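> Kindly generate the corresponding structure for this input.
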Amino acid sequence: MSHLHFIAIGGSAMHNLAIALHHKGDTITGSDDEIFEPSKGRLKQLGLLPEEFGWFPEKIHTGLDAVILGMHAKADNPELLKAQQIGVPVFSYPEFLYEQSKHKKRVVIGGSHGKTTITAMILHVLKKAGIEADYMVGAQLEGFEVMVKLSDTAQWMIIEGDEYLTSPIDRVPKFLHYHPHIAVISGIGWDHVNVFPTFENYLHQFRLFIQAIEKGGSLIYSASDPEVKKLAAEGEMEKIPYYAHDSALDNGELKLKTATANIPIEVFGNHNLMNISAALEVCRKMGVADTQFYDAIGSFMGASRRLERWFVKDGITVFRDFAHAPSKLQATVSALRDQYPNHKLVVCYELHTYSSLSENFIDHYKQCLDPADEAVVFYDPHAVAIKKLALMSHDRIREGFGKSDLSVLGSKEELLGYLRSSNLQKAVLALMSSGSFNGLEHEEIVELFQ
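Predicted coordinates:
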């Protein structure tokens with residue numbers, strides 16, 4: 001067993017990897033300058049929470065087998081510098097995942113949207129089919145204790161492949177480290193403009209991802225996305241295109257059309273029909289029979305914060321969703337409109353990422369909120385200041401979304417006040433953000449409807 005030290009152990013992905021390795025039997029230590037829930041409670045429960053916050057070079061010694069470096073740390077982190085000085089091997093998160101899976105068959109799901117849900121669907125099916133797999137997924141899944149699992153016995157490794165940077169000292173996309181045998185690209189919509197300043201630069205990362213597929217491997221790709229289709233044409237590997245799965249709406253219940261029966265499913269929206277097709281093609285390549293896939297997929301409830309029903313009472317349904325890029329926002333709002341054609345649709349969307357808060361990017365959101373009956377954009381000046389960007393006027397935000405009646409709010413209190421004053425009878429409310437609306441809690445939503 002190994003002794004591993006985590007620099008920035010409190011991150012969402014990092015703490016899950018630490019827990020997975022702890023369960024595997026490795027000795028785990030770590031540091032961070034701040035740790036929030038749920039990471040804090042989960043680490044504490046297993047005795048992995050650092051005794052005090054901060055960076056302590058004395059924790060780094062030659063008895064360590066490796067240091068795992070999180071993206072939250074800086075290149076001049078004192079613990080990192082000590083590890084480099086005394087020669088302790090330093091791995092980024094994705095480099096370490098590859099080391100743990102280089103003797104396995106790797107499935108990597110990439111794309112600007114849908115990758116968490118596709119990964120979750122595959123894991124759900126494999127679990128139902130009794131097929132063991134290691135994995136890394138970017139959200140908590142029902143029936144899975146952690147977001148990362150590593151073992152010595154699984155032949156497969158399923159990885160959600162992020163195109164964001166690897167670490168402070170390795171500024172290439174994470175997914176370039178994984179070298180998949182089976183790769184998925186779900187779609188491409190420009191994101192992370194602070195790192196990829198042009199669309200062509202962003203697109204090129206996916207070209208590199210295709211080039212990183214192992215010899216004899218397969219590319220499963222969305223043939224509905226023109227950019228993905230063009231990139232796929234350049235590759236030499238086996239290519240498997242997919243489209244939205246055939247479906248039918250039966251008394252408000254969405255069903256998959258199959259050769260033998262119509263299968264009711266819990267998720268909805270064209271984007272989820274696309275995700276199902278991607279998961280189906282992956283499972284076929286892994287040897288899962290179609291009958292096994294369809295037997296399992298009907299009970300898939302979704303991943304946390306991916307079009308998740310958060311609260312239902314007296315005809316009011318509240319969803320929360322992780323959407324932040326324009327393509328994700330548009331897909332989710334359209335799915336809600338199609339699923340609830342006779343309900344009032346109220347969408348609250350937080351500008352939270354560097355891209356979404358940038359004035360040179362805001363016009364990419366044009367028409368994304370048009371299907372909503374009421375739309376709110378949450379724009380927090382504090383978030384803008386943290387990212388060292390210029391403030392936009394509320395009128396500029398309305399112009400960017402192409403919606404003159406758009407409400408622009410800047411605090412949680414304003415948002416709660418807006419919702420209290422809104423008529424939400426027979427309404428669907430969608431709270432959409434990769435952030436938290438200044439710490440908006442489930443209990444505060446519940447209280448609105450008491």
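
> Please make it C-alpha for all contacts and neighbour counts, starting now.
Fine.

> can you count the residues close to Asn77?
Using other C-alpha atoms under 10 Å, Asn77 has 15 other residues around it.

> Next: Ala13.
Residues near Ala13, counting by other C-alpha under 10 Å: 20.

> how far away is it from Tyr243?
Using C-alpha to C-alpha, to the nearest Å, Ala13 is found at 30 Å from Tyr243.

> likewise Gln100?
Remark: distance between Gln100 and Tyr243 (C-alpha to C-alpha) = 33 Å.

> who's more crowded, these two?
Neighbours were counted for Gln100 and for Tyr243 using other C-alpha under 10 Å; Tyr243 has more, 18 against 15.

> thought that one was touching Asp225?
No. Taking contacts as C-alpha atoms under 8 Å, Tyr243 lies outside contact range of Asp225: 9.5 Å.

> so is Ile240 in a helix, a strand, or just coil?
Put simply, Ile240 is strand when judged by DSSP: H, G, I helix; E, B strand; the rest coil.

> Find the residue closest to it in space, skipping its chain neighbours.
Excluding its sequence neighbours, the residue lying closest to Ile240 (C-alpha to C-alpha, 6 or more residues apart in numbering) is Ile220, at 4.6 Å.

> can you pull the contacts of that neighbour?
Applying C-alpha atoms under 8 Å, 6 or more residues apart in numbering to Ile220 gives the contacts Ile182, Ala183, Val184, Ile185, Lys239, Ile240, Pro241, Tyr242, Ala278, Glu281, Val282.

> Sticking with it, tell me its helix or strand.
Per DSSP states H and E, Ile220 falls inside strand 218-222.

> partner strands of that strand, parallel or antiparallel?
Looking at strand 218-222 with DSSP bridges, its partner strands are strand 182-185 (parallel), strand 238-242 (parallel).

> Could you export it as CSV, CA atoms only?
Only the C-alpha atoms of strand 218-222 are listed here, as CSV (Å, rounded to 0.1, in the frame of the first residue of the first chain):
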residue,chain,number,x,y,z
SER,A,218,-13.4,3.9,-30.9
LEU,A,219,-14.9,7.3,-31.1
ILE,A,220,-18.6,7.6,-30.3
TYR,A,221,-19.8,11.1,-31.3
SER,A,222,-22.9,13.3,-31.6
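
> so after it, what's the next helix or strand?
Next along the chain after strand 218-222, taking DSSP H and E as the criterion, comes helix 226-234.

> just checking, Ile188 touches Gly114?
No. Ile188 is beyond contact range of Gly114, at 10.4 Å (criterion: C-alpha under 8 Å).

> Give me the neighbour count for Ser277.
By the measure other C-alpha under 10 Å, the count of residues near Ser277 is 22.

> For Ala139, see how far away the closest residue to it other than its chain neighbours is.
Of all residues not flanking Ser277 in the chain, His245 sits nearest, at 5.5 Å (C-alpha to C-alpha, 6+ apart). Counting by C-alpha to C-alpha, the gap from His245 to Ala139 is 24 Å.

> neighbours of Lys285, just the number please.
Neighbours around Lys285, by other C-alpha under 10 Å: 14.

> so how far is Gly187 from it?
Using C-alpha to C-alpha, Lys285 is found at 20 Å from Gly187.

> who's Lys344 bridged to?
Bridge pairing for Lys344 - DSSP bridges - gives Ala427.

> Surely it and Ser422 touch.
No. With contact defined as C-alpha under 8 Å, Lys344 does not reach Ser422; the gap is 10.9 Å.

> okay, the two: which has more neighbours?
Per other C-alpha under 10 Å, whichever of Lys344 and Ser422 has more neighbours is Lys344, with 19 against 11.

> Could you report the distance from that one to Leu409?
In terms of C-alpha to C-alpha, Lys344 sits 20 Å off from Leu409.

> quick revisit: format the strands paired with strand 218-222 as CSV; extra columns: mean pLDDT.
As requested, those are exported to CSV (pLDDT from 0 to 100):
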stretch, mean pLDDT
strand 182-185, 98
strand 238-242, 98
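
> and among these, the most buried is which?
Per-residue neighbour counts averaged over each of the strands paired with strand 218-222 give the maximum for strand 182-185, namely a mean of 27 (mean count of other C-alpha atoms under 10 Å).

> Identify each buried residue in the strand or helix carrying Phe206, please.
Per DSSP H and E, Phe206 falls inside helix 199-211. Of the residues in helix 199-211, Tyr202, Leu203, Gln205, Phe206, Arg207, Phe209, Ile210, Gln211 count as buried by neighbour count, 16 or more other C-alpha atoms under 10 Å.

> mind giving me the domain split of this structure?
Following automatic domain parsing, one gets these domains for the chain: 3-88, 96-297, 308-448.

> all strands for the stretch 301-450 of the chain, in order.
308-313, 316-321, 344-351, 374-379, 407-409, 427-432 (DSSP state E, counting those that start in this stretch).

> Just checking: what are the partner strands of the first one?
Applying DSSP bridges, strand 308-313 is found paired with strand 316-321 (antiparallel).

> so the partner strand versus strand 344-351, what angle?
Here strand 316-321 points in a direction 30 degrees away from that of strand 344-351 (axes from the mean of the first three to the mean of the last three C-alpha atoms, to 10 degrees).

> Now strand 316-321: average pLDDT?
Averaged over strand 316-321, pLDDT sits at 92.
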